[in-house]
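Engineer: Got a sequence here, can you build the structure:
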Amino acid sequence: MAPVPKELVIGTAAVPPERLAHVASDPAFHVKLNHDALTLMGRSREIVEETAASGQRVYGLNTLLGSGRDTGVEEESVLSYQVQVVRYHNSGVGPYLDLAAARAVILTRLIGFSRGGSGVRPETAGFYAELLNRGVHPAIPSEGSVGSSDLTQLAAVAAVAIGEGEAFDAEGTLVPGAKALADAGLQPLTLAAGEALPLVSANSYSVGAGVLALVRLQQLARLADVGLALSLETIARYDGGGNLSPFSPAIQAAKAVDGQRESAAAVRRLLSGGWLEDVRPEVSVQDALSFRAAPQTHGAFRALVAQLRSALEVELNGRGDNPLVDLESGQMVSGGNFQPMQLALSFEGLRLALAHVGISSERRIAKLYPPQRAIRAKHLAAAAAGSGLAQEELPGLLWYSAAGLLAELKFLAAPATLGAPTLSADVEDHSTLAPLALQQLEKSLAALEKLLAIEALTASYLLLEAGAAQPLGKGTAAVVGRMADVLAERPSAPELVERARRALREAVAEVRVGQGDERTSSDLDTGVALADGGESW
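Structural biologist: Got it, this is the predicted structure:
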């Protein structure tokens, strides 16, 4: 039986953010526009051409940009002006985006075209689809946008589309954009009047790369609960803690916070079938707040992830174009929908939430350090008695690395969106700096992933040392099994943490701690498990 082709058919319905992330991350997907989208874009283009023919002055259609907004462009220069706009804005700096992020940028803009607000020709949108389908990877600098449209990143794509700029070939070598098109069997795109501005003026980097970050954040929320569950079992073995009453349905029902309830339920599912479910008379009345109030911290984080998802869905499927082609009135209307303030603030708030999750994780690691030190002393004594050298599976000072990562998380939590100066002769006097906020969020994500990996490694090591006297929960046992394999390889500390991160991602995907009877409409797994077959959105 032939495999079902991987295909994304873009219509006029909303595209879930997770679907975009899935397609952007898999170059095997074929992307196309359906009849409804093509018809909508055709009508939008008719309005642009009618407006141009009327002689009405419209920003970017027949005027200069920014502070030159009231200076007209002569009719005979309109087509050459399109190339000038692309060249002028193709001035980004910094490291280039990887393939998944570059595809996310192009796909996000393509979905934006399909909403009918940009006024580009259907064939121009189709050309962007072919960039994806034929594996053209524009060299897109990551820096240069202040978050009032990601002008420089989109201009790098547009430059390749018109046969200029640079791209990466299949071997990852930078080549001229014209060569990349030729190798893909494409002729450079010739822009029509008014097309340059919608090609460069959108927030496709902030949205596209933000969607990729969203998927990592959704996974990180589940991973935080895994680390917590492992530490609960460990503290129960070594310090008489592990009181599960704060995770009970009674406590969670007393406060209507979906994320908190979901986090507590995830921990209960991870620990189900294990010895912590039994009532233990010797258990501590209350654990430290890093254990007892973790559902509140993790729940607040989950709530902010859900808010980010909502903001991304709005930006991805909305019409952020300026000027906006308004199909209802048949007019081109000036506006400010290119200013993604809600999205930028979501990026900001999540960095603060990640720091709080990190604080709780590092404090739990600190409480696991005394038993780790005691085990080390036992190993050293045994080695001395046998005149050999102790060989430990877990580096002894990972807690110090965790403390360093926490310091980084706290530093990265500082506001990023307040720093933009005024630009373009004080016409552009406010910006969101959404890209900077996103890039800081990506750094926070990486730091917390390492910190949670250290927590999972430390707890798993101690649980393995304690033996199998008491059964672990079904979910935590699966994770400990994966960590045992990682520890047995005895790699260097950097490689150990990296392997643990990879193993935890796989374990989280298998355990699916975000699923169960207690799922709500805001559950973090929304839209992830989508089929690979062709679907219209």
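
Engineer: which residues in the stretch 251-400 of the chain form helices?
Structural biologist: 258-271, 289-292, 294-317, 341-385, 398-412 (DSSP state H, counting those that start in this stretch).

Engineer: a markdown table for those, including mean pLDDT and mean neighbour count?
Structural biologist: All C-beta spots, glycine's among them, are computed from the backbone N, C-alpha and C. Shown next, in a markdown table, are the helices of the stretch 251-400 of the chain (pLDDT from 0 to 100; neighbours: other Cβ atoms under 10 Å):
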| stretch | mean pLDDT | mean neighbour count |
| --- | --- | --- |
| helix 258-271 | 95 | 25 |
| helix 289-292 | 96 | 18 |
| helix 294-317 | 97 | 22 |
| helix 341-385 | 89 | 19 |
| helix 398-412 | 96 | 19 |
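
Engineer: Format these as CSV; extra columns: distance to V73.
Structural biologist: Putting the helices of the stretch 251-400 of the chain into CSV (distance: least, Cβ to Cβ, whole Å) gives the following:
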stretch, distance to V73
helix 258-271, 51
helix 289-292, 61
helix 294-317, 29
helix 341-385, 30
helix 398-412, 43
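
Engineer: With respect to L464, which of these lies nearest?
Structural biologist: Judged by Cβ to Cβ, the one of the helices of the stretch 251-400 of the chain that comes nearest to L464 is helix 341-385, at 10.3 Å.

Engineer: returning to what we had before: quick one, which of the helices of the stretch 251-400 of the chain is nearest to I140?
Structural biologist: Nearest to I140, of the helices of the stretch 251-400 of the chain and by Cβ to Cβ, is helix 294-317 at 18.0 Å.

Engineer: helices or strands up against the host helix or strand of R502?
Structural biologist: Taking DSSP states H and E as the criterion, R502 maps to helix 493-511. Packing partners of helix 493-511 (3 or more Cβ pairs under 8 Å, 6 or more residues apart in numbering; DSSP states H and E): helix 204-239, helix 398-412, helix 434-466, helix 474-488.

Engineer: quick revisit: I'd like to know which of the helices of the stretch 251-400 of the chain is closest to L418.
Structural biologist: Short answer: helix 341-385, nearest of the helices of the stretch 251-400 of the chain by Cβ to Cβ, at 9.2 Å.

Engineer: OK, contacts around G240?
Structural biologist: For G240, the contact set (Cβ atoms under 8 Å, 6 or more residues apart in numbering) comprises E282, V283, S284.

Engineer: now swap in S248 and tell me
Structural biologist: A264.

Engineer: one more time with 10 Å
Structural biologist: Taking Cβ atoms under 10 Å, 6 or more residues apart in numbering, we find S248 in contact with A254, A264, R268.

Engineer: Pick the most deeply packed of the helices and strands packed on helix 493-511.
Structural biologist: helix 204-239 (a mean of 26; mean count of other Cβ atoms under 10 Å).

Engineer: so that one versus helix 434-466, what angle?
Structural biologist: Counting by axes from the mean of the first three to the mean of the last three Cα atoms, to 10 degrees, helix 204-239 lies at 20 degrees to helix 434-466.

Engineer: got the angle for helix 204-239 vs helix 294-317?
Structural biologist: Using the same axes, to 10 degrees: helix 204-239 against helix 294-317 is 170 degrees.
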